[in-house]
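1. generate a structure from the sequence data that follows.
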Amino acid sequence: MQVLIIGSGGREHALAWKISQSPKVSQIYCAPGNAGISEYATCIEIKDNNLDELLSFAKEKQIDLTIVGPEIPLSLGIVDLFNDNGLKIFGPSKLAAEIEGSKAFSKDLMKKYNIPTAEYEIFTEVEPAKDYLQDIGIPCVVKADGLAAGKGVMVCFTEEEALKAIYEILLDQKFGDAGARLVIEEYLEGQEVSMLAFSDGKTIVPMVSAQDHKQVFDNDKGPNTGGMGAYSPAPIYTDEIHDFVVTEVLEKTIKAMEIEGRNYQGILYAGLMLTPKGPKVLEYNARFGDPETQVVLPRLETDLIVIIEAILENTLDKITIKWSQEAAVCVVMASGGYPGDYEKDKVITGLEKVSEPTRIFHAGTATKNGQIVTNGGRVLGVTALGKTIQEAINNAYKGVEKINFADVHYRKDIGAKAVKG
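-> Below is the predicted model of the structure:
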């Protein structure tokens, strides 16, 4: 089987690594890929939003299965395009991917189908948004409606911060068309947990739990990022909470999407806040999370290709998915300045010194003059397994210490929440 992976980050590197283990797969391509992915796949210089070129390549190479990593091609309708041309592709349709592509849509869906989430309102104009601030109070959360690479969510602890967020989104158009509408919602107290699940549109099978670290600095300080690290499992996510999430969130969501004529086939990611009043959905993603994928896939013991084939054939209920009991931790090494401005082309050293049980997933790297250099905000995800979360933390940071590039930044407390109690 020939497989094409679309994307260029740590999530796609983890996918390439896991898929390379399948006896069903003979060749992997990745568009556009990165320096690390090239170990497992032939990287093709086609951007993930160039649907026509991706289609032409898949036809030319007679690709048997395409797997979509990032949200942009999904929201542009790549699944519909490939299906219309008789090509197998894994991911939700354009209509289904709107669950991530529009926060307003997803909030309205949750409200309509009684799926637990924060109180909210949707706005296109500044004055009504400002008036609502008085109703909902501070702190609150201001979100750009559309896709903003994980940076369109602002948690505001003062009225000044909230007003600034409203002005930046609606007036300054900081996020372009993604900010044509904004959502203001109540601030929820608690810990966040990521729950990813496989869905064939009828059956939904949850993966193991994970917890992401969104803020750029230790102790959850500073602006939100795409994710500075993750661990799995999340001890705070108990069996009781899991049972509630499966029935009241995951199963309800898949059923709601079916009723709405948006049959959901692919990966459903629910970002949850575990509040004193129970779990509530913060957001949905229509694909594997990043960096959660880097801690979830290393724990997956079942052939990922077998799972994907079952989803595409609507037989997910016929297979058993097995997971390792080991814990996994991923520490993201980022460019100095991220999530703001940062420089590229910094030479990375020490990669060859890292060995099992620690693995490096490249997120933003390239090859230049025979050397691996930085090529993004999040550069590497150093991921390790361990019998316990503490052991996995120790292994991951041992790996981090061996790697270096100019102005490197990483959090020193990834996983700390999981071992405090």
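
2. gap between residue 199 and residue 312?
-> Distance of residue 199 to residue 312, given as C-beta to C-beta, to the nearest Å: 12 Å. (Each C-beta comes from the backbone N, C-alpha and C, glycine too.)

3. for the top helix by length along the chain, name the packing helices and strands.
-> Among the segments of the chain that qualify as a helix by DSSP state H, the longest is helix 389-401. Packing partners of helix 389-401 (3 or more C-beta pairs under 8 Å, 6 or more residues apart in numbering; DSSP states H and E): strand 229-232, strand 327-335, strand 358-362, strand 378-386, helix 416-419.

4. buried ones in it?
-> Using 16 or more other C-beta atoms under 10 Å as the test for burial, helix 389-401 gives 389, 391, 392, 393, 394, 395, 396, 397, 399, 400.

5. between it and strand 378-386, how many degrees?
-> 140 degrees (axes from the mean of the first three to the mean of the last three C-alpha atoms, to 10 degrees).

6. quick one: contacts of the next helix or strand after helix 389-401?
-> Scanning forward in sequence from helix 389-401 by DSSP states H and E, the next helix or strand is strand 408-409. Applying C-beta atoms under 8 Å, 6 or more residues apart in numbering, the contact partners of strand 408-409 are 216, 333, 334, 335, 336, 337, 338, 379.

7. scan those residues and report the most crowded one.
-> Counting neighbours by other C-beta atoms under 10 Å, residue 379 comes out on top of the contacts of strand 408-409 with 29 neighbours.

8. and that residue, how far is that from residue 240?
-> For residue 379, the distance to residue 240 equals 38 Å [C-beta to C-beta].

9. do residue 267 as well
-> 24 Å.

10. pick out the residue nearest the middle of the protein.
-> Most central in the chain under C-alpha atoms, centre = their mean is residue 289, positioned 2.0 Å from the mean C-alpha point.

11. list the contacts of that one.
-> Contacts of residue 289 (C-beta under 8 Å, 6+ apart): 11, 194, 196, 210, 212, 227, 269.

12. just the buried residues from these, in ChimeraX please.
-> Typed into ChimeraX, the next command selects the buried ones out of the contacts of residue 289 (criterion: 16+ other C-beta under 10 Å):
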select :11,194,196,210,212,227,269
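
13. out of the contacts of residue 289, which is nearest to residue 246?
-> In terms of C-beta to C-beta, no member of the contacts of residue 289 lies closer to residue 246 than residue 196, at 12.5 Å.

14. quick check: that closest one touching residue 268?
-> Yes: assessed by C-beta atoms under 8 Å, residue 196 is found in contact with residue 268 at 7.3 Å.

15. mind listing what's buried along the host helix or strand of residue 161?
-> In this assignment (DSSP H and E), residue 161 forms part of helix 159-166. Neighbour-count burial for helix 159-166, counted by 16+ other C-beta under 10 Å, picks out 161, 162, 163, 165, 166.

16. just stretch 115-134 next, same as before
-> 115, 116, 117, 118, 120, 121, 122, 123, 129, 130, 132, 133.

17. equivalent analysis for stretch 319-329, please.
-> By 16+ other C-beta under 10 Å, the buried positions in stretch 319-329 come out as 319, 321, 326, 327, 328, 329.

18. now do the contacts for the second one.
-> By C-beta under 8 Å, 6+ apart, the contact set of residue 321 is 198, 205, 300, 302, 307.

19. buried subset of the residues you listed?
-> Applying 16+ other C-beta under 10 Å to the contacts of residue 321 flags 198, 205, 300, 307 as buried.

20. and the helices in the stretch 151-300 of the chain, which stretches?
-> Assigned by DSSP state H, counting those that start in this stretch, the stretch 151-300 of the chain shows helices spanning 159-166, 239-245, 251-259, 292-296.

21. average pLDDT across the second one?
-> When the per-residue pLDDT values of helix 239-245 are averaged, the result is 97.

22. check which helices and strands it sits against.
-> Using 3+ C-beta pairs under 8 Å, 6+ apart, helix 239-245 sits against strand 266-275, strand 278-285.

23. worst-scoring helix or strand of this protein, pLDDT-wise?
-> Least confident helix or strand of the chain, by mean pLDDT, DSSP states H and E, is strand 221-224 with a mean of 88.
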